[in-house]
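>>> I need the structure of the sequence given here:
(one chain, ligands or ions: 2)
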Amino acid sequence: MAAGISREVAAMTKTGTTKVWKTASSEETIAVGRELAALLKPPQMILLRGGMGAGKTTLMKGMAEALGAAEAEEVTSPTFTLVHEYEGEQEGAKVRLFHLDVYRLEQERQLETLGWEELRAADSLVLVEWGDKFPVLAQQADGEIEIEPLEGDGRKVTLRMKAEAKSS
Ligand SMILES: Nc1ncnc2c1ncn2[C@@H]1O[C@H](COP(=O)(O)OP(=O)(O)OP(=O)(O)O)[C@@H](O)[C@H]1O
Ligand SMILES: [Mg+2]
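Ligands and ions are numbered 1, 2, ... in the order given. Prediction:
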């Protein structure tokens, strides 16, 4: 995608746009992740929604790859460490990509031990698996990416950006 077009679409996503993709394989979902990396701009925090094995971590592979932050194979689930940090670049500017999985967190206050507030920096893109279970994350999120199963290996990926500026 040309940089000019991606900037245009990025501007659209700030005003509450929804964008939908359908994929038929994990490779195609990784490709959607690459597109998403061009649409999102720091500082943003996005919830990654979808059941177990939906493809949330798979999507992150494409995002990290497109930002030059990691190879797809290097991106794994932050199941035990809860957060993985990658350093990438977008249009010449440094981007810190944080991939969180809060499935194992039981209480909202445990987010503090994760250093949650420190992650929210000007150059940060924060993607949170299972973030919708904590109201503070749902409220602060700039949008969400939902992955739903279709028949076979099919997936529907929906990006929904919030319409109004949220308070953080
Ligand atoms: N179209 C598809 N998109 C994404 N993943 C797919 C697709 N088809 C099959 N898969 C497979 O589904 C699995 C998705 O696993 P992944 O770890 O990405 O899910 P997840 O949503 O992060 O789950 P969890 O909540 O357990 O962390 C992988 O094994 C992947 O190869
Ligand atoms: Mg996962």
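>>> so where's this structure shaky on pLDDT?
1-15, 164-168 (pLDDT under 70).
>>> residues near the residue of it found nearest ligand 2, how many?
Nearest residue of the chain to ligand 2: Thr57, at 3.4 Å (Cβ to the ion). Where C-beta positions appear, they are placed from N, C-alpha and C, glycine not excepted. Burial measure for Thr57: 20 neighbouring residues, criterion other Cβ atoms under 10 Å.
>>> How about His99?
Residues near His99, counting by other Cβ under 10 Å, number 27.
>>> Secondary structure element for the residue nearest the centre of the chain, which one?
For the chain, Leu127 is the residue whose C-alpha lies nearest the centre (Cα atoms, centre = their mean; 3.6 Å). Applying DSSP states H and E as the criterion places Leu127 in strand 124-129.
>>> list the contacts for Met63?
Residues near Met63 by Cβ atoms under 8 Å, 6 or more residues apart in numbering: Gly33, Arg34, Leu36, Ala37, Leu40, Leu97, Leu125, Leu127.
>>> quick revisit: name the SS class of the residue of the chain closest to ligand 2, please.
What DSSP: H, G, I helix; E, B strand; the rest coil gives for Thr57 is helix.
>>> Likewise for Val157?
strand.
>>> Which residue is the nearest non-sequential neighbour of it?
Nearest residue to Val157, sequence neighbours excluded (Cβ to Cβ, 6 or more residues apart in numbering): Trp21, at 4.5 Å.
>>> Same check on Glu71?
Leaving aside its chain neighbours, Glu71 sits nearest to Glu65 (6.6 Å; criterion: Cβ to Cβ, 6+ apart).
>>> ok, which stretches of this protein are strands?
Applying DSSP state E to the chain gives strands spanning 18-23, 44-49, 83-90, 93-101, 124-129, 143-149, 155-161.
>>> Neighbouring strands - and their directions - for the longest one?
Think strand 93-101. strand 83-90 (antiparallel), strand 124-129 (parallel) (DSSP bridges).
>>> Report the backbone C-alpha coordinates of the strand holding Leu127 in PDB.
Output of strand 124-129 as PDB, limited to C-alpha atoms (Å, rounded to 0.1, in the frame of the first residue of the first chain):
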ATOM      1  CA  SER A 124       3.700   3.000  21.700                       C
ATOM      2  CA  LEU A 125       1.300   0.700  19.900                       C
ATOM      3  CA  VAL A 126      -0.200  -1.600  22.500                       C
ATOM      4  CA  LEU A 127      -2.200  -4.600  21.500                       C
ATOM      5  CA  VAL A 128      -4.000  -6.600  24.200                       C
ATOM      6  CA  GLU A 129      -5.400 -10.100  24.000                       C
END
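>>> Residues contacting it, please?
With Cβ under 8 Å, 6+ apart, strand 124-129 has contacts from 40-48, 56-57, 60, 63, 67, 77, 95-103, 119-120, 137, 141, 145.
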